[in-house]
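Undergrad: sequence? don't have it. structure:
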């Protein structure tokens, strides 16, 4: 059985011009919706701990959410008093959402704990690969976690370990200040370029046509 994975379309990124940065802060962005246990709750709780333990560092980080940020998430932000650290961008066109991702410093993604998550691979992961940005990934064991590891420019934590996520934020901020945020494995990224995936599909068709 030949399996062609999902990928990203390089054409989506061709005309993207990064926005001029409005702040010196480390911008951590997420694009998408929240559903079935996918929640910013643990990230926000970790950030709250950061504001209490390392307030100067917290002031230099902005969490940016692109897409529908549910009322329940707004309530968490308000309860934790993080309004000055969180930006709810709202819905944007696909191109503008990509522009925001490209203009950020780090991307964030999470999947909840649970055996049924083992084989789940959000399409967003491949689009994230196309940005070549570092990724904070709060993930359980499974295919998505393994892919993010191979990507290389990643900071992986347990999805609901607040202390581990907080320490990851500290590490990312330190690397950001030093200009040493990691770069992805280009060979790995190219593997999920849809042009290359299409070439693979053509070769598979050609092989089976020859064997008929």
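TA: Thanks, I have it. Here the structure is a predicted model, which means the values were calculated and not measured.
Undergrad: any stretches of this structure with poor pLDDT?
TA: 1-5, 194-209, 211-212 (pLDDT under 70).
Undergrad: can you give me the helices in it?
TA: Across the chain, reading from the start of the chain, the helices by DSSP state H fall at 41-53, 55-58, 71-79, 94-103, 123-131, 143-151, 162-178, 186-191, 194-211.
Undergrad: neighbouring contacts of the first one?
TA: It stands for helix 41-53. For helix 41-53, the external contacting residues (C-beta atoms under 8 Å, 6 or more residues apart in numbering) are 57-58, 61, 63, 73, 76-77, 80-82, 85-86, 108, 110, 138, 159-163, 165-166, 168-170. C-beta: built from backbone N, CA, C; applies to glycine.
Undergrad: out of the helices of the chain, which one sits most buried?
TA: Between the helices of the chain, the one whose residues have the most neighbours on average, counting mean count of other C-beta atoms under 10 Å, is helix 123-131 (a mean of 21).
Undergrad: identify the residues contacting it?
TA: Among residues not part of helix 123-131, those counted as contacts by C-beta under 8 Å, 6+ apart are 5-10, 12-13, 31-32, 98, 101-102, 107, 109, 135, 144, 147-148, 151, 184, 188-189, 192-193.
Undergrad: let's see 6 Å
TA: When contacts are taken as C-beta atoms under 6 Å, 6 or more residues apart in numbering, the neighbours of helix 123-131 outside the stretch itself are 6, 7, 8, 13, 32, 101, 102, 107, 135, 189, 192.
Undergrad: doesn't residue 97 make contact with residue 31?
TA: Yes. The pair formed by residue 31 and residue 97 meets the contact definition of C-beta atoms under 6 Å, at 5.0 Å.
Undergrad: any common contacting residues for the two?
TA: residue 66.
Undergrad: turn the helices of the chain into a markdown table, columns for distance to residue 20.
TA: As requested, the helices of the chain are exported to a markdown table (distance: least, C-beta to C-beta, whole Å):
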| stretch | distance to residue 20 |
| --- | --- |
| helix 41-53 | 25 |
| helix 55-58 | 24 |
| helix 71-79 | 26 |
| helix 94-103 | 8 |
| helix 123-131 | 17 |
| helix 143-151 | 27 |
| helix 162-178 | 18 |
| helix 186-191 | 25 |
| helix 194-211 | 29 |
